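Asker: below are the sequence and a predicted model; questions follow.
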Amino acid sequence: MIALTVLSLPFMIRQPVDLPPIISVELIQISDKTNIPFAPKARKVIEKVKEEEKRVVSEQAPPAAKAKEKPDRIPLPQDQKEKKEIVKKKQNPEEVKPEIRQASEFEKKELVDTNQIAALIDKAKEESAKVEKQDNKLTQSSVKNSFATGLTLSEEDALRAQIFGCWTVPLGLPYDDNLLVRIKLELKQDGTISKSEILDHERMNRPGQKFYKVLAESALRAVRICQPLKVPQTGYEKWKNIQLNFNPTEMLKG
Amino acid sequence: MKKLFFILVIFFNFNYAYSLIEVDITRGNLDPLPIAVSPLHVDAQSDNLQDIKVKELGDLISSVIESNFKSTGLFNPLNKDAFVQKPDIAHLKPRFEDWSLITAQALVTGKILIKDNKLKVEFRLWDVAAAKEMVALAFTTTPTNWRRVAHIISDKIYERLTGETGYFDTRIIYVSETGPKTQRVKRLAIMDQDGVNVKYLTLGNELVLTPRFNPTNQLVTYLSYFRNLPRVYLLDIETGIQEVVGNFPGMTFAPRFSPDGKKIIMSFAENGNSDIYTMDLESRLVEKITDHSAIDTSPSYSPDGKYICFNSDRSGLQQIYTMNSDGTNVKRISFGDGIYGTPVWSPRGDLIAFTKVRAGRFYIGVMRSDGTGERLLTENFYQEAPSWSPNGRLLVFYRETKSGNDGEGFTAKLWSIDITGYNERQIKTETDASDPSWSTLLSK
């Protein structure tokens, strides 16, 4: 009994917890609509990303590093093999080699010099921000993302605006077809792409799906031209894998 | 039980933490695709030719390709001055970094060799961003055919980049017009779709109108006022032989071939009434398709040959109707203000192009084959006679300008327009021109 009393004594003399003073907060409702050119927060985010990009460019652009990359990028061993086949099979007229391989596999190399393209992205962003002004509906993915994990609405808008500028939509697509192209990307921390996959890649080689193939290729081209993508500085694990749903239907309908 | 609960909590937390982020991209830019067309490299072992400057052939072919792309409004060929890689090296191993620096998204390279009076042309289309070859083809032909090779290459690239067949290796037949408005000399003429290689098929002694190709582009049917009697004629372009179609007692006009080329459909006017007839070119059997007191004219088959569209004034004003190819199931499909004429069924089968006159202005428009979705593409003082490009993407038509009392200031020119209503442009012709008709692809 005595031992128990002795043991419980320190708890009795414990000081009350020193809580921080209560800060009053005003609850506001977040609007469903976001608007990049006029949202001060979004503008700050873009400017911040711009500054980081400039810094990255200056850090990543030593000429020696570029020179090393060149031989890896250009003479692809596969290309060389295929060129040999061309010489064997020439006829009039004849297809020299099979058409572009479907982009279903994760690609193993970076194909675009990100430093050189970075300068183009700023301009594209300004232009696409104007387009974004018109497209102020809360999309399905926005809802999903805001409830799930990854990007805030501002971050998602910044990424979307960046890709708008890089995506040259093939004109002349039939707008009554199902034109949704889903691309899954695995990103590095600096926003460059380490793997890309068209989720419905089987459809590309089906007969009568030439339009889909053209659209899918244009979407892949857009993300390659755009990289490094504008991603948040933190939470890499959350946005490491990202899915982009390209759908030009509304735009084609005008 | 506790363990199970614990595992479930971990599992859901894990899923929550790594949910895949999805971003919808619903807008992009609608600028024409920047494309670099490198001059084709001329092999040093090429023979010299008398009529053709072989060394310049690479530049000439690439210029034709560039010109074709520019005319579509879908591509933006980049200025050659910005190219930093030599054509021969670019064809073997493009430096994609250099091409992407000048904003090229697609690159065309090629090589030509002339040996034993044969022209060998090889080209490759590259996706610059992906650093991949998209298509590569080789052609062999006679050197004088170099322009056609350029058009065929353009078609292959167009198809690969847009998903629809091209229309560059095609011809347009039209009525060439010369002289003052009151004394017009009208001749049948044929040219490449870009206005080059013009050939005149008739001398201009008789008035000619509404020439139309057959599906193989070897035969042409047209209306000629021979001895002041308007009749439908058939002309073989290769041999120059022509004949009257059918032995009709009156005036026949507005001819057009069936999609299989076996029949000609036309109007026949007798006693102030005109109906639609077909004539089988093999058996010469004539069949009456419509039988109505109204004026039925301008028939055009659907691409599958099952239906016919035509215009008729059976409801009072001239409107567009469709019917089965045997003349049954006649339906009126145009209901807008004004009058409608010259309906032509699209090669894709989905649209019908027409001329519309409303409040003294002329419109070229399209509507779905059930009459819904009418869109007026262009409006002017006087324009008519739309004809489809073989891929159903463009319409060619002719437009006349307003003239003075003595006909001064009068012109008639060919124009083309995309079915979106954009990219309206004049097609260059040696003389004034009217009544164009687009051929199918020459190389299928």
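Answerer: Ah, there it is. Numbers count the residues shown, from 1 in each chain, chains lettered A, B, ... in the order given.
Asker: can you name the residue of chain A nearest chain B?
Answerer: A:W167 (3.2 Å; Cβ to the nearest Cβ). Placement of C-beta: from N, CA and C, glycine included.
Asker: could you find the closest non-adjacent residue to that residue?
Answerer: B:G28 (3.2 Å; Cβ to Cβ, 6 or more residues apart in numbering or on different chains).
Asker: picking that back up, tell me who's in contact with the residue of chain A closest to chain B.
Answerer: A:218-219, A:222, A:246, B:25, B:27-29 (Cβ atoms under 8 Å, 6 or more residues apart in numbering or on different chains).
Asker: take these and keep only those in strands.
Answerer: Filtering the contacts of A:W167 for membership in strands, criterion DSSP state E, returns A:246, B:25.
Asker: JSON lines for the contacts of A:W167, including distance to B:R148?
Answerer: Converted to JSON lines, these look like this (distance: Cβ to Cβ, whole Å):
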{"residue": "A:S218", "distance to B:R148": "29"}
{"residue": "A:A219", "distance to B:R148": "34"}
{"residue": "A:A222", "distance to B:R148": "35"}
{"residue": "A:F246", "distance to B:R148": "37"}
{"residue": "B:I25", "distance to B:R148": "40"}
{"residue": "B:R27", "distance to B:R148": "39"}
{"residue": "B:G28", "distance to B:R148": "35"}
{"residue": "B:N29", "distance to B:R148": "34"}
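Asker: which parts of the stretch 51-200 of chain B sit against chain A?
Answerer: B:73-74, B:92-97, B:100-101, B:103, B:105, B:120, B:122, B:127, B:129-141, B:152, B:159-164 (Cβ under 8 Å from any Cβ of the partner chain).
Asker: again, only this time at 7 Å
Answerer: Within the stretch 51-200 of chain B, the residues that sit near chain A (Cβ under 7 Å from any Cβ of the partner chain) are B:74, B:93, B:95, B:97, B:100-101, B:105, B:127, B:129-140, B:161-164.
Asker: among these, name the ones in helices.
Answerer: Using DSSP state H, the subset of these located in helices is B:97, B:100-101, B:161-162.
Asker: highest neighbour count among the residues you listed?
Answerer: In terms of neighbour count, B:L161 stands highest of those at 25 neighbours, by other Cβ atoms under 10 Å in any protein chain shown.
Asker: which residues touch it?
Answerer: Taking Cβ atoms under 7 Å, 6 or more residues apart in numbering or on different chains as the criterion, B:L161 is in contact with A:214, B:33, B:106.
Asker: so where is the chain shaky, pLDDT-wise?
Answerer: The chain I'm using is chain A. Across chain A, the ranges flagged by pLDDT under 70 are A:1-150, A:175-177, A:254.
Asker: my bad, chain B
Answerer: For chain B (pLDDT under 70), the answer is B:1-18.
Asker: how about the helices in it?
Answerer: Using DSSP H, the helices of chain B run over B:2-17, B:54-72, B:87-92, B:96-101, B:146-162.
Asker: and B:T26, its phi and psi?
Answerer: Main-chain torsions, B:T26, degrees, to the nearest 10: phi -110, psi 0.
Asker: roughly how far apart are B:K120 and B:L137?
Answerer: From B:K120 across to B:L137, the span is 12 Å (Cβ to Cβ, to the nearest Å).
Asker: which residues touch the residue of chain B found nearest chain A?
Answerer: Residue nearest to chain A within chain B (Cβ to the nearest Cβ): B:G28, separated by 3.2 Å. Each residue near B:G28 by Cβ under 7 Å, 6+ apart is listed here: A:164, A:167-169, A:222, A:248.
Asker: write the PyMOL selection for whichever of the residues you listed are buried.
Answerer: Buried residues within the contacts of B:G28, by 16 or more other Cβ atoms under 10 Å in any protein chain shown, are selected in PyMOL with:
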select buried, chain A and resi 164+167+168+169+222+248
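Asker: export the contacts of B:G28 to TSV and append columns for secondary structure.
Answerer: As requested, those are arranged in TSV below (DSSP: H, G, I helix; E, B strand; the rest coil):
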residue	secondary structure
A:F164	helix
A:W167	coil
A:T168	strand
A:V169	coil
A:A222	helix
A:P248	coil
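Asker: between the contacts of B:G28, which is nearest A:D200?
Answerer: A:P248 (15.4 Å; Cβ to Cβ).
Asker: contact partners for the closest one?
Answerer: For A:P248, the contacting residues are A:169, A:173, A:179, B:28, by Cβ under 7 Å, 6+ apart.
Asker: surely B:L317 touches B:I339?
Answerer: Yes: if you go by Cβ atoms under 7 Å, B:L317 and B:I339 touch, sitting 5.1 Å apart.
Asker: neighbour count winner among the two?
Answerer: A direct count of neighbours by other Cβ under 10 Å for B:L317 and B:I339 places B:I339 higher, at 17 against 13.
Asker: now do the contacts for the closest residue to the more buried one other than its chain neighbours.
Answerer: Once flanking residues are discounted, B:I339 sits nearest to B:Q318: 4.3 Å by Cβ to Cβ, 6+ apart. Contacts for B:Q318 were tallied using Cβ under 7 Å, 6+ apart; they are B:311, B:339-341.
Asker: count the neighbours of residue 153 for me.
Answerer: With no chain named, the answer covers chain A. Neighbours of A:L153 under the rule other Cβ under 10 Å: 19.
Asker: not quite, go with chain B.
Answerer: B:I153: 30 neighbours (other Cβ under 10 Å).
Asker: quick one: it from A:G235, how far?
Answerer: 49 Å.
Asker: same question for B:Y398.
Answerer: For B:Y398 relative to A:G235 (Cβ to Cβ), the value is 63 Å.
Asker: ok, these two, which is more surrounded?
Answerer: B:Y398 (24 against 13).
Asker: quick one, phi psi at the closest residue in space to A:P174 that isn't next to it in sequence?
Answerer: Of all residues not flanking A:P174 in the chain, A:F211 sits nearest, at 6.2 Å (Cβ to Cβ, 6+ apart). For A:F211, the backbone dihedrals are phi -60, psi -40 (criterion: degrees, to the nearest 10).
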